[in-house]
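[1] this one's sequence-less:
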């Protein structure tokens, strides 16, 4: 291989960094979710201004564009202190497959199922929406129906 050819390869620009996909669903967020988005924008803005590595900078700018778009479209919603039914922002205690579990229904970007928060667009949140304490909810998972008991609902916080 000639040296001219390798030099040309070394000087080739890095491929463009693909954008993060943005959900077509409304960008509902809790007050905590709004704070998380604001924090991500602040951290990324600081990193962009203090980074000179072009490969790192491209990824940071892509991330910043995503979080700025999420900030621009966020709709902060919080339930009242005593909601009558499951909806966005509520904490719900359920019994599923014999186990009691507490979850909170939150925005897509703040969801962390391992921490007990699920996105309002998730199948489980959609199945629970509108249910009241004492209700049994049919939920299809892996091609089979499962009954989930709604034990209690709490509002914001």
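    That came in fine, so what should we check first? Predicted model, so just to flag it, every value in this text is computed and none were measured. Residues are numbered from 1 along each chain as shown.

[2] Tell me the secondary structure at residue 49.
    Secondary structure, DSSP: H, G, I helix; E, B strand; the rest coil: residue 49 is helix.

[3] burial of it, as a residue count?
    For residue 49, the neighbour count with other CB atoms under 10 Å is 8. All C-beta atoms are positioned from the backbone trio N, CA, C, and that covers glycine.

[4] Can you tell me how far it is from residue 153?
    44 Å (CB to CB, to the nearest Å).

[5] which ones are touching the residue most central in space within the chain?
    Centroid-nearest residue in the chain: residue 109, 2.0 Å away (criterion: CA atoms, centre = their mean). By CB atoms under 8 Å, 6 or more residues apart in numbering, the contact list for residue 109 reads 27, 29, 33, 36-37, 70.

[6] and of those, the nearest to residue 117?
    The closest of these to residue 117 turns out to be residue 33 (CB to CB; 9.3 Å).

[7] among the contacts of residue 109, who's most crowded?
    Neighbour counts for these (other CB under 10 Å) peak at residue 29, which has 27 neighbours.

[8] I'd guessed it sits against residue 40; true?
    No: counting by CB atoms under 8 Å, residue 29 does not reach residue 40; the two are 12.0 Å apart.

[9] Give me the phi and psi angles of residue 144.
    Backbone dihedrals for residue 144, given as degrees, to the nearest 10, come out at phi -130, psi 150.

[10] Noted, bye for now.
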